[in-house]
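Chemist: Output the structure for:
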Amino acid sequence: MFADTLRILFADDDLVAIDKPAGLLVHPSALDAHEERTALKLLRDQLGAWVWPLHRLDKGTSGVLLFARHAEAARAWRQAFEQGRVAKRYLALVRGWPDAQGEIAHPLARDPEQSSAGQPRLEATTRYRRLACIEWPFSVDARHATSRFALMEVEPLTGRRHQIRRHFKHIAHPLVGDATHGKGMLNRAVAEWLGTSRLWLHALDCELPRAGTPLRISAPAGAEWNRLLPQPGG
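Modeler: The predicted structure is shown next:
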């Protein structure tokens, strides 16, 4: 269960950023019609004022989430997102050991909830860098006695729905904990090993354009990521 008070990372007259917990919806959704607690409602109640979400994070994703504090700011910042002027950086845990760095340029169907057949394909590009290789002593494949994973730093250069999740599935390194695009048996094995069941995707920071120095807003990864992060001297 989530606390009624969200952690505010930044606030001014135009913008407010929170650290969204994993498992919390951004706003009401037909796919989760029974769920009444959302980041949008909690933040409006906390501030005692209306706010406008500027982008989406999947329910399972944690980290930096931005809202505008008035309609004019919402129009301006949404335009910045649409024009690709907002840089975002994520942490992700994926199956296997991808290349040390690379770029995935693969068009995606507009709506990931529907069959891709007949849908327009939208340009989509994701850049990544491998931070750590991990090998744990359990098997989910009879051909291998251990299981390999990698901690990745990910930068989506476009803003398609489920882009990071779909792109890593495309290169055969699905995100751990992804019930839609990942591997159920692997997800369950990792959840048991770590004692945590979640989508392993965290919005680490956003950099927004503004006069002078760009505004960077960061949300450090939660304690559950500590077993994945490279240790000093390691």
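Chemist: low pLDDT regions in this structure?
Modeler: By pLDDT under 70, the low-scoring segments of the chain are 1-3, 29-35, 113, 230-234.
Chemist: can you map out the strands along it?
Modeler: 7-11, 15-20, 52-53, 62-68, 87-95, 101-105, 108-109, 121-122, 125-136, 147-156, 201-208, 215-218 (DSSP state E).
Chemist: want to try TSV for those strands, with mean neighbour count as columns?
Modeler: Glycine gets a C-beta too; all of them are placed from N, C-alpha and C. TSV is the format used below for the strands of the chain (neighbours: other Cβ atoms under 10 Å):
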stretch	mean neighbour count
strand 7-11	14
strand 15-20	23
strand 52-53	17
strand 62-68	25
strand 87-95	22
strand 101-105	14
strand 108-109	20
strand 121-122	12
strand 125-136	16
strand 147-156	19
strand 201-208	22
strand 215-218	16
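Chemist: so which of the ones you listed gets nearest residue 178?
Modeler: Closest to residue 178 of those is strand 201-208 (Cβ to Cβ; 7.9 Å).
Chemist: What pairs with that closest one, parallel or antiparallel?
Modeler: strand 62-68 (parallel), strand 87-95 (antiparallel), strand 215-218 (antiparallel) (DSSP bridges).
Chemist: How about residues contacting that strand?
Modeler: 15, 17, 20, 22, 57-58, 60-66, 77, 80, 85-92, 153, 164-165, 175, 177-178, 214-222, 225 (Cβ atoms under 8 Å, 6 or more residues apart in numbering).
Chemist: now stretch 71-80
Modeler: By Cβ under 8 Å, 6+ apart, stretch 71-80 touches 14-15, 52, 54, 66, 68, 86, 208-209.
Chemist: Greatest separation within the residues you listed: which pair is it?
Modeler: Once Cβ to Cβ is applied, the contacts of stretch 71-80 give 52 and 209 as the farthest pair, at 18.4 Å.
Chemist: Can I get the strands paired with strand 201-208 in CSV including distance to residue 188?
Modeler: Listed next are the strands paired with strand 201-208 as CSV, based on distance: least, Cβ to Cβ, whole Å:
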stretch, distance to residue 188
strand 62-68, 20
strand 87-95, 13
strand 215-218, 31
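Chemist: closest one to residue 9 among those?
Modeler: That would be strand 215-218 among the strands paired with strand 201-208, by Cβ to Cβ, at 5.4 Å.
Chemist: from the middle of its chain, how far away would that closest one be?
Modeler: Centroid separation between strand 215-218 and its chain, computed with Cα atoms, centre = their mean, to the nearest Å, is 16 Å.
Chemist: For it, which outside residues touch it?
Modeler: With Cβ under 8 Å, 6+ apart, strand 215-218 has contacts from 9-10, 17, 64, 66, 204-209.
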